[in-house]
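In: my questions are about this predicted structure, shown below with the sequence.
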Amino acid sequence: MTSIRYIILSIAVVLICFCSIRIYSFEQQRRVIKDDLIELSKIKYGLFSVDEWKIILSDIISRKIEELNFSPEQINGLRGKVESFLAKTFTELEARFHKEKSQTIGGVFQSVGVDVLGVFDKMKKDIPIFTEQILSFLSDPDNRDTLKNYIRDKLSEYSEKTFGEIDYNEQCEIIDRYSYGDRVDTIEQLKQDLDHLNKMGHWYITIVYLLTILTGLMLLLTTTIQKNEFVLYVVICFSLLTAGLFIPMIEIDARIEVMNFSLLGEQITFRDQVLYYRSKSILEVVRHMLEQDKWDVLFVGLLVLLFSVIFPISKLICTTIYLYLSKLRNNRFIKFMVFKTGKWSMADVMVVAIFMSYIGFSGILTEQLNQIEDMSSQLDILTTNKSSLQTGFFLFTSFAILSLLVAQRIQYPKTEIQ
């Protein structure tokens, strides 16, 4: 029976190590794709993009121009307004002409000549002709296209004078790297790639969880455990710890899922506008905090390093020393690390969880929410929080529980460690 358990544990060690490496590989690929997808989905390229608004407004105005089909009643009303406008314009033009020409002798003769020839009278007489020409111009489809182009040019001109330019270098690099098409096509294809990687990685994660549960049950149900078996349990714990340290622990994702509002009678919709995103492993958190200049952040970083890296590794090393070096079994530090640290086993998880929650919600409040303070409360906005615990958290928790069981079983009366 002992040999069978040893074989099972050896196979479990090999499979857990192999699957952990594969999970890490898939996770690295997933992070690259997810980071690129988040970059393309950021709100600065959508709701906060002046270029996006130029396209939207141009399309709306173009549709409105296409809808300019005047009824006979509207034509008559417009004809009267145009005639009144032209009559007033020509009258003011005549008065200004005579006023300017009256300043000099030559101008006076020019003014008299214009009156004799009846230039302005003829212009006023032809107002109906001018009116029909204007109405015909507005009804001509070719002129509508000219008007659309003119409006687009003016929108571009005004936006360039009013707003700063958006840096599209990173977006263009991502689009060129994948060659899936434009930004929208690239986003859709990246989502499919991400789903494919998630499905592939899911099988390896499931195997690790099942093997961890199996080894835990064996550890609990086996009455007599030999020294070499304990070493295999320690190796499994170390594999889970390593994977938990390097693989992201939590993913914080806050975004506007759907935003609907009406503009000039047209419905405007924005989807998946990313407000804030962060995904970090424990080691990345530690490195980031230790690089800060603030003493309080540095202190928290040292706590995370202590409870999440140094403490667990020291415990596994001391457990191995206790098993193989009988001369050191009475060493106070070794005994403390192996037997007296059970109550600390979940402290590392607690510290990291609290810290990750802190940086997540603090980041959302300070970096992103101020961007939507001035939005109207009448807008139809549906926000979503896609934050979730990641594989690293569960692997790290599995290590903490399994290492606690190993420490308890070493003290079991029937354990063979001689």
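Out: Thanks, I have the structure now.

In: quick check, Gln267 in a helix?
Out: No. For Gln267, which was evaluated using DSSP: H, G, I helix; E, B strand; the rest coil, the result is strand, with no helix membership.

In: walk me through the domains of the chain.
Out: What the record gives for the chain is the domain set 2-47+167-371+380-410, 61-162, from automatic domain parsing.

In: buried deepest among these, which one?
Out: Taking mean count of other C-beta atoms under 10 Å as the contact definition, the stretch among the domains of the chain with the greatest mean neighbour count is domain 2-47+167-371+380-410, which reaches a mean of 17. Placement of C-beta: from N, CA and C, glycine included.

In: quick one: that domain to chain centroid distance?
Out: Computed by C-alpha atoms, centre = their mean, to the nearest Å, the chain-centroid distance of domain 2-47+167-371+380-410 equals 19 Å.

In: cool, stretch 40-48 as well?
Out: Taking C-alpha atoms, centre = their mean, the mean C-alpha location of stretch 40-48 is offset from the chain mean by 9 Å.

In: show me what contacts Ile334?
Out: For Ile334, the set of contacting residues under the criterion of C-beta atoms under 8 Å, 6 or more residues apart in numbering consists of Cys318, Ile321, Tyr322, Leu328.

In: now it: which helix or strand?
Out: Applying DSSP states H and E as the criterion places Ile334 in helix 332-339.

In: and that helix, C-alpha only, in CSV?
Out: Included here for helix 332-339 are C-alpha records, laid out as CSV according to Å, rounded to 0.1, in the frame of the first residue of the first chain:
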residue,chain,number,x,y,z
ARG,A,332,13.5,26.0,18.6
PHE,A,333,13.3,27.9,15.3
ILE,A,334,12.7,24.7,13.3
LYS,A,335,10.0,23.5,15.7
PHE,A,336,8.4,26.9,15.7
MET,A,337,8.3,27.1,11.9
VAL,A,338,7.0,23.6,11.5
PHE,A,339,4.5,23.2,14.4
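
In: give the rounded mean pLDDT of it.
Out: Taken as a whole, helix 332-339 has an average pLDDT of 80.

In: same deal with stretch 25-34?
Out: Stretch 25-34 carries an average pLDDT of 92.

In: run through the helices of the stretch 101-250 of the chain in chain order.
Out: In order along the chain, the stretch 101-250 of the chain carries the following helices (DSSP state H, counting those that start in this stretch): 105-117, 119-125, 127-139, 141-162, 169-178, 183-221, 227-246.

In: taking helix 183-221 as reference, get the angle to the fifth one.
Out: When you say that, I think you mean helix 169-178. Inter-element angle recorded for helix 169-178 and helix 183-221: 80 degrees (by axes from the mean of the first three to the mean of the last three C-alpha atoms, to 10 degrees).

In: which elements pack onto helix 169-178?
Out: Packing partners of helix 169-178 (3 or more C-beta pairs under 8 Å, 6 or more residues apart in numbering; DSSP states H and E): helix 2-40, helix 183-221.

In: and Leu290, which of the ones you listed is closest to it?
Out: Ranking those by their distance to Leu290 (criterion: C-beta to C-beta) puts helix 2-40 first, at 21.2 Å.

In: beyond that closest one, next helix or strand please.
Out: Counting by DSSP H and E, the next helix or strand C-terminal to helix 2-40 is helix 50-66.

In: output that next one as PDB - backbone C-alpha positions only.
Out: Extracted as PDB, the C-alpha positions of helix 50-66 are listed here (Å, rounded to 0.1, in the frame of the first residue of the first chain):
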ATOM      1  CA  VAL A  50     -13.000  63.900 -30.100                       C
ATOM      2  CA  ASP A  51     -12.300  61.900 -33.300                       C
ATOM      3  CA  GLU A  52     -15.100  59.500 -32.400                       C
ATOM      4  CA  TRP A  53     -17.500  62.300 -31.800                       C
ATOM      5  CA  LYS A  54     -16.500  63.900 -35.200                       C
ATOM      6  CA  ILE A  55     -17.600  60.700 -36.900                       C
ATOM      7  CA  ILE A  56     -20.800  60.500 -35.000                       C
ATOM      8  CA  LEU A  57     -21.800  64.100 -35.600                       C
ATOM      9  CA  SER A  58     -20.800  64.000 -39.200                       C
ATOM     10  CA  ASP A  59     -23.000  60.900 -39.700                       C
ATOM     11  CA  ILE A  60     -25.900  62.500 -37.900                       C
ATOM     12  CA  ILE A  61     -25.700  65.800 -39.800                       C
ATOM     13  CA  SER A  62     -25.400  63.900 -43.100                       C
ATOM     14  CA  ARG A  63     -28.600  61.900 -42.300                       C
ATOM     15  CA  LYS A  64     -30.400  65.100 -41.400                       C
ATOM     16  CA  ILE A  65     -29.300  66.700 -44.700                       C
ATOM     17  CA  GLU A  66     -30.600  63.700 -46.600                       C
END
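
In: centre of the chain to that helix, how far?
Out: In terms of C-alpha atoms, centre = their mean, the gap separating the centre of helix 50-66 from the centre of its chain is 26 Å.

In: please shift the residue numbers so they start at 59 in all later answers.
Out: Shifting the count to begin at 59 puts that one at helix 108-124.

In: elements contacting that helix?
Out: When contacts are defined as 3+ C-beta pairs under 8 Å, 6+ apart, helix 108-124 packs onto helix 199-220, strand 324-338.

In: dump the helices and strands packed on helix 227-236 to TSV, plus distance to Met317.
Out: Converted to TSV, those look like this (distance: least, C-beta to C-beta, whole Å):
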stretch	distance to Met317
helix 60-98	17
helix 241-279	17
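
In: and Glu152, which of those helices is closest to it?
Out: So among the helices and strands packed on helix 227-236, helix 241-279 is nearest, using C-beta to C-beta, at 56.7 Å.

In: great, nothing more from me.
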